[in-house]
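J.: model the following, please.
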Amino acid sequence: MYLNRIQLKPDAAGKSEFWRNFGSEYQAHRQIWELFTDGPERERDFLYRQETFGSMPTFYAVSEREPVNRGGLWHIESKTYDPALRQGQRLAFVLRANPVRTKCDEKGQHHRHDVVMEVKKRLKKQDPSGMSWPPEPEIVQQTGFAWLAMRGERCGFEVGDGEIRADGYRQQRFFKQRMKKPIRISTIDYTGLLTVTDADVFRKMLFTGIGPAKGFGCGMMMVRPAGR
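T.: A predicted model of the protein is given here:
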């Protein structure tokens, strides 16, 4: 696997054609996809995370292949990614995730539900005025932590209450080409500390991601030794 840092070249930032193609998560998805695709049959074999420093976008990506800078707009640094992991290891991490819960309706069809919106709907039934609701940051912290803790059980790590910050909740809506209905995703940004409980399962999660919406910049966890 490779870990890549992909930064927009300063001279590319002045090109209006770039910014016309960079206004939503879907457009960001297309920009990053151009670096990894080698044909119409290629399936996604990478994860990415977008950050913005100033007004300049930077992507971090974990991939099976090195990206190719076809348009010359990017400065790309790639290195082999083979993290040394062990059970009980403490790691600091950052993660942008799409925290949803899948439920089955009466027809047997599965639907994804935003965990924050689920709590808000429940609160609204209890108190339509909203006067007794906790502040949204508190809802995001509590529901976001619960979602991550549950996912961690399947992904080879555990997290402790008080060691995780869950914030930056955003709801996004955008259109994909030739689709009439918009794509809707919500995201939470996580930072904190975790403990590896199963090194093999955790390694697989680092390479394949956590949660849905990975094609739109969610699910890539970046780690480093705690305390560094």
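
J.: tell me where this structure has strands.
T.: In the chain, the strands defined using DSSP state E lie at 2-8, 46-53, 56-63, 74-80, 90-97, 100-104, 110-114, 157-158, 164-174, 183-196, 221-225.

J.: nearest to A213, out of those?
T.: strand 183-196 (4.8 Å; CB to CB). For the C-beta atoms, the positions are set from N, CA and C on the backbone; glycine is no exception.

J.: what residues sit buried inside the closest one?
T.: 183, 185-190, 192, 194-196 (16 or more other CB atoms under 10 Å).

J.: for R154, see how far away M222 is.
T.: Counting by CB to CB, to the nearest Å, the separation of M222 from R154 is 19 Å.

J.: looking at those two, which is more packed in?
T.: Ranked by neighbour count (other CB atoms under 10 Å), M222 and R154 place M222 first, with 17 against 11.

J.: can you pull the contacts of that one?
T.: With contact set as CB atoms under 8 Å, 6 or more residues apart in numbering, M222 has these partners: 49, 60, 93-95.

J.: which helix runs longest in this protein?
T.: helix 136-155 (DSSP state H).

J.: what's the angle between it and strand 90-97?
T.: 110 degrees (axes from the mean of the first three to the mean of the last three CA atoms, to 10 degrees).

J.: mean pLDDT added to the strands of the chain, as a markdown table?
T.: Compiled in a markdown table, the strands of the chain are given as follows (pLDDT from 0 to 100):
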| stretch | mean pLDDT |
| --- | --- |
| strand 2-8 | 93 |
| strand 46-53 | 88 |
| strand 56-63 | 90 |
| strand 74-80 | 94 |
| strand 90-97 | 97 |
| strand 100-104 | 83 |
| strand 110-114 | 83 |
| strand 157-158 | 98 |
| strand 164-174 | 91 |
| strand 183-196 | 94 |
| strand 221-225 | 96 |
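
J.: okay, those strands in JSON lines with distance to Y26 next?
T.: Output for the strands of the chain, formatted as JSON lines (distance: least, CB to CB, whole Å):
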{"stretch": "strand 2-8", "distance to Y26": "18"}
{"stretch": "strand 46-53", "distance to Y26": "12"}
{"stretch": "strand 56-63", "distance to Y26": "14"}
{"stretch": "strand 74-80", "distance to Y26": "19"}
{"stretch": "strand 90-97", "distance to Y26": "16"}
{"stretch": "strand 100-104", "distance to Y26": "18"}
{"stretch": "strand 110-114", "distance to Y26": "18"}
{"stretch": "strand 157-158", "distance to Y26": "30"}
{"stretch": "strand 164-174", "distance to Y26": "5"}
{"stretch": "strand 183-196", "distance to Y26": "7"}
{"stretch": "strand 221-225", "distance to Y26": "22"}
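
J.: ok, back up a step: closest to D82 among the contacts of M222?
T.: Y60 (16.3 Å).

J.: now the two most distant members of the buried residues of strand 183-196.
T.: I183 and T195 (34.4 Å).

J.: partner residues bridging the residue lying closest to P182 once chain neighbours are set aside?
T.: Spatial nearest neighbour of P182, excluding adjacent residues (CB to CB, 6 or more residues apart in numbering): R173 at 4.8 Å. Beta-bridge pairing of R173 under DSSP bridges involves R184.
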